[in-house]
Every structure is written in structure tokens, then in C-alpha cells.
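# Task: produce atomic coordinates for the following.
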Amino acid sequence: MCDKCSESLQDKIAPSRRSAMLLGGSALGLAFAGAGFAKETKTPPKPQNVLSPDGALKRLMEGNARYVDGVSRRHDFKHEREALVGGQNPFAAVLSCADSRIAPEYAFDTGRGDLFVCRVAGNFAGDETVASLEYAVAVLGAPLILVLGHDSCGAVDATLKALKDGKQPPGHIPSLVDAIAPAAKAAMQQGGEVLDKAIRQNVIDNVAKLKSAAPILNAAVEQGKLKVVGGIYRLTTGTVDLIAQG
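Numbering: from 1, shown residues only. Below you'll find the model as predicted:
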């Protein structure tokens, strides 16, 4: 390519880059602009989901209260499905354990397009999960992330047993153990109800990890656009007890 053609091409590209910077207005927009992502500017399919971080948390917990009381709302899935064909704007993202007894959409009495849910045994934030949550925040505009653990978590219990016995579990399960081990070791040093303490510490650790995840999530937190909290789901009642709200 000749120098003149190269300069012409740069002139064409430069304005679009400047426009992206003006439209982005934050590290979130810049980060995803470079990766080919763009936040939708059209009217969101669910305008009621455009909330502040505190408003999103309030709505989440109000839904959990209805679920616990057995008065969950009837959701019109047919029309919600039609409305969401062209896009999504969830009001919260949830990192939940994959345990079949935990269903965030039910636990918070939500409909389609309300929650962006990532699930993995032990509810820890691996690289792929962090990337998914970055997408939820930077592109979909989710103002809240909840890390949701639960009591009697089998993944945490298996990690504690593996550490005590000094034996690696079979298959790919060691990858779960490695991720949960820091929280399990901290709980073992404290003694007492080790499983409960490890479950709680695992939630706290992953809340901290997500809040500090650079360059996207930490920037959103610093700008007040994102809140990251933790919770423990109680199997006996369905209640979610919030922790790590700082």
C-alpha cells in the first residue's frame, strides 16, 4: 500500500475511533470497542430493567421475599420471549453454584431477560466467567453482580475432604478444588463449622475478585455504575442472606 493510500485509510478510521471514545465515556466502552463490542443505543426491550445498582439489589431481594413466601408472580413468558428476540438488558448478573437445587430465576422471582446467570460448581469466577460478567456489565448494562453460594455445598465439601486427605479427586474435578482451595484453607485454620465458614469465605473471595477485575469491572465499580455483592442461599427456606456488600 502506498503512503498516500495509507494516510487516507487512517483518516477514515480516526473519526470512528474518536466517536467511539465520545460515546463510550468510560473504560467499559473503550475496552469493548477494541474487541468489537458495542453497547446498544436503541430502546431496551425491558425498560423496567434500567436500574441503579441499589435499585437492582432492592428488586432482587424483593423477588426473593416473594419466592420465600410462596407468592411468586405469574410471568408471561410468551410475550417476554417475543420482546427479547432483538436484544436483552438484564437488571442483574448472578454467579451461582451449578447445584440443581439452586435456580436463581426462581429464587428471585424473575422472568426472561431479567438475570444474566453464570453457573459453575462452587460459584467461583474463572477466566471465562469473569469475561462473561464483563460482557454483562459493559455491553448489556447490568448494574449488579451477585455471587450466590449456598449451604451444604458439595463442591466446597469435596474441596475440604481433598485437602484433609491429601488425595486428588478423579477426572477434571481437581480444577474445582484448586479454585476453592484458598477459601477452604482459610476456614480450616479457623476451625469450628468449617464447611459453613468455607462456603462464606468462598463467596467473599469471589466478590473481591470481581470487584477488582481490571480493566472493566473495577472501573465500573469505581464509577458507581456497578455493585458486586455476595449471598448465601438457604436450602431449607429459600432465603438469600446477603454478605460482602461493602
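# Just to check, Lys227 is in contact with Pro143?
Yes - Lys227 is in contact with Pro143 according to CB atoms under 8 Å; the separation is 6.8 Å. Just so you know, the C-beta spots here come from the backbone N, C-alpha and C atoms, and that holds for glycine as well.
# Which one's more surrounded, these two?
Ranked by neighbour count (other CB atoms under 10 Å), Lys227 and Pro143 place Pro143 first, with 24 against 20.
# now the residue nearest to the more buried one when sequence neighbours are not counted: how far from Gln223?
Distances taken as CB to CB, 6 or more residues apart in numbering place Pro53 nearest to Pro143, at 4.5 Å, with adjacent residues excluded. According to CB to CB, to the nearest Å, Pro53 and Gln223 sit 11 Å apart.
# before we move on, what about Pro170?
Distance from Pro170 to Gln223, by CB to CB: 45 Å.
# which residue ranges form the helices in the chain?
Taking DSSP state H as the test, the helices found in the chain are 3-24, 27-34, 53-69, 77-83, 104-107, 127-138, 154-165, 173-190, 194-211, 217-222.
# Out of those, which is closest to Gly231?
With CB to CB as the criterion, Gly231 lies closest to helix 194-211 of those, at 7.2 Å.
# just the angle between the closest one and helix 173-190, please?
110 degrees (axes from the mean of the first three to the mean of the last three CA atoms, to 10 degrees).
# What would helix 194-211 look like as PDB? C-alpha coordinates only.
Extracted in PDB, the C-alpha atoms of helix 194-211 (Å, rounded to 0.1, in the frame of the first residue of the first chain):
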ATOM      1  CA  VAL A 194     -15.500 -25.400  58.700                       C
ATOM      2  CA  LEU A 195     -17.900 -26.100  55.800                       C
ATOM      3  CA  ASP A 196     -20.100 -23.100  56.600                       C
ATOM      4  CA  LYS A 197     -17.100 -20.900  57.000                       C
ATOM      5  CA  ALA A 198     -15.500 -22.100  53.800                       C
ATOM      6  CA  ILE A 199     -18.800 -21.500  51.800                       C
ATOM      7  CA  ARG A 200     -19.000 -18.000  53.200                       C
ATOM      8  CA  GLN A 201     -15.300 -17.300  52.600                       C
ATOM      9  CA  ASN A 202     -15.500 -18.600  49.000                       C
ATOM     10  CA  VAL A 203     -18.300 -16.100  48.300                       C
ATOM     11  CA  ILE A 204     -16.400 -13.200  49.900                       C
ATOM     12  CA  ASP A 205     -13.200 -14.100  48.000                       C
ATOM     13  CA  ASN A 206     -15.000 -14.100  44.600                       C
ATOM     14  CA  VAL A 207     -16.800 -10.900  45.300                       C
ATOM     15  CA  ALA A 208     -13.400  -9.300  46.000                       C
ATOM     16  CA  LYS A 209     -12.000 -10.800  42.800                       C
ATOM     17  CA  LEU A 210     -14.800  -9.500  40.600                       C
ATOM     18  CA  LYS A 211     -14.700  -6.000  42.200                       C
END
